[in-house]
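K.L.:
Quick check, what structure comes out for this input:
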Amino acid sequence: MSHRPNRLYLSSDALVANWRALARLSGTAACGAAVKADGYGLGARAVVERLLGAGCRDLFVASWAEAEGVADLALAAGASLAVLHGLRDADLPALARLPGVRPVLSTAAQLVRWRGVAAGRACDVMIDTGMNRLGIGRAEIAAGMLDGVAIDTVMSHLACADEPDHAMNEAQRAAFAALTGRTSARRMSLANSAGIALGAGYHFDLTRPGLALYGGVPAPGLAGAICPVATIAAEVLQRRVVRAGDTVGYNATWRAEVDTPVAIVNLGYADGYRRALSDRGCAFAGDAPLPVIGRVSMDLLALDATAAAVREGDWVRFDDDLVHVAAASGVSQYELLTGLGQRFERHWS
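P.N.:
Alright, predicted model coming up:
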């Protein structure tokens, strides 16, 4: 039995249900999965195993280091694994070790490098359609940069998909659609989680959800379709009564108006429970809410325990609705998930 005093409860059923919901919303397009950043903080290998079991066959990681952590699972299942950050000189040994993994090439130098070491093998290519992040320009394609390159999937990335009415969505969709037939690509892929909610015109051949798989709701169109996957739980280390007029925590930001029972919990910003949730977060004992009071510190936080008789050794769980927590903290759902630390004992059910 682990002695770690905080836990991350992870639902296999919710993860799979989210992927299946996104696959349905993707219509005729295949539905892949971004499993980068250690499966958005939940543990990449565990996530990949469950998604493969659900039928996902297109996986995306950021780097070759991430690819090495899950390639055996993907390739054994006959799934596609692509590295979004392309191919640097430093990545060539990993490419040699993982011949079934494809880079997503995004610069002229990467294309030259790929031609030099993997002529004839299919790669993926990122096209810039206006985000001005990674990607080959459309003018470069028109000039022949991709001529003779075997491409499995050509993709781009939406900058404003979480704002459904933003004019840039349609501009990017149209620019990407104009590339149809202009390359050797077998497939085209544009939509992330929020992009799926924009409708069939954005789906093309393959969608690439990330955040929504893990319980995030990045666009109104996904509300009601996505279930929380991760729930934080932590142990109460002490229960005390703070007398009226006394304060709790660093900088004395919370003062008791009346004598108040307070639970001190083994959780803090070093675990990824953000300092921005000071005086704003909430835990629960059963259904009883226990508001976070005072500053969240590195390893500890305090809860107003008026609503429940929690004692030393009890466990409390924290709000797992990422939309609520993001609104309370001002921290994006992406950061809340990917910032979850390694001190949690992760429990999959």
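K.L.:
So V104: helix, strand or coil?
P.N.:
strand (DSSP: H, G, I helix; E, B strand; the rest coil).
K.L.:
Could you tell me the model confidence score at it?
P.N.:
pLDDT recorded at V104 is 98.
K.L.:
nearest spatial neighbour of it, skipping sequence neighbours?
P.N.:
Using Cβ to Cβ, 6 or more residues apart in numbering and skipping the chain neighbours, the partner closest in space to V104 is D124 (4.3 Å). In short, each C-beta sits where N, CA and C put it, glycine included.
K.L.:
ditto for D314
P.N.:
Distance criterion Cβ to Cβ, 6+ apart; nearest residue to D314, sequence neighbours excluded, is V236 at 4.8 Å.
K.L.:
Burial check on the one you found, number of neighbours?
P.N.:
Residues lying near V236 (other Cβ atoms under 10 Å) number 22.
K.L.:
try L303
P.N.:
Neighbours around L303, by other Cβ under 10 Å: 31.
K.L.:
Can you tell me the closest non-neighbouring residue to it?
P.N.:
Nearest residue to L303, sequence neighbours excluded (Cβ to Cβ, 6+ apart): L290, at 4.1 Å.
K.L.:
now the helix or strand containing the one you found, how far from the centre of its chain.
P.N.:
Using DSSP states H and E, L290 falls within strand 288-293. Taking Cα atoms, centre = their mean, to the nearest Å, one finds the center of strand 288-293 at 27 Å from the center of the full chain.
K.L.:
Could you do stretch 108-125 as well?
P.N.:
That offset, for stretch 108-125, works out to 28 Å (Cα atoms, centre = their mean).
K.L.:
again with stretch 106-116
P.N.:
With Cα atoms, centre = their mean, you get 28 Å for stretch 106-116.
K.L.:
Can you give the contact residues for the helix or strand of the chain with the lowest mean pLDDT?
P.N.:
Lowest on mean pLDDT, DSSP states H and E among the helices and strands of the chain sits helix 138-142, with a mean of 93. Residues outside helix 138-142 that contact it (Cβ atoms under 8 Å, 6 or more residues apart in numbering): A108, I127, D128, T129, A175, A178, L179, R182, T183.
K.L.:
Equivalent analysis for stretch 102-121, please.
P.N.:
Contact partners of stretch 102-121, identified using Cβ under 8 Å, 6+ apart, comprise 60, 80-89, 91-92, 95, 99, 122-126, 128, 134-136, 140, 145-146, 149-150, 152, 155.
K.L.:
could you point out which element follows the least confident helix or strand of the chain?
P.N.:
Downstream of helix 138-142, the next assigned helix or strand under DSSP H and E is strand 151-155.
K.L.:
Show residues contacting that following strand.
P.N.:
Outside strand 151-155, the residues that reach it (Cβ under 8 Å, 6+ apart) are 80, 82, 102, 104, 122-127, 179, 183-190, 205-206, 208.
K.L.:
Adjacent strands (with direction) for that strand?
P.N.:
Strand pairing for strand 151-155, using DSSP bridges, gives strand 123-126 (parallel), strand 187-189 (parallel).
K.L.:
now the strands for the stretch 151-300 of the chain?
P.N.:
Secondary structure of the stretch 151-300 of the chain (DSSP state E, counting those that start in this stretch): strands located at 151-155, 187-189, 206-207, 230-242, 247-248, 254-255, 260-265, 282-285, 288-293.
K.L.:
can you tell which of these is closest to R275?
P.N.:
strand 288-293 (10.6 Å; Cβ to Cβ).
K.L.:
quick one: contacts of the helix or strand just after the closest one?
P.N.:
Where DSSP H and E defines the elements, the next helix or strand beyond strand 288-293 is strand 301-304. Here strand 301-304 makes contact (Cβ under 8 Å, 6+ apart) with 248-249, 254, 260-265, 267-268, 273, 278, 281, 283, 290-294, 310, 316.
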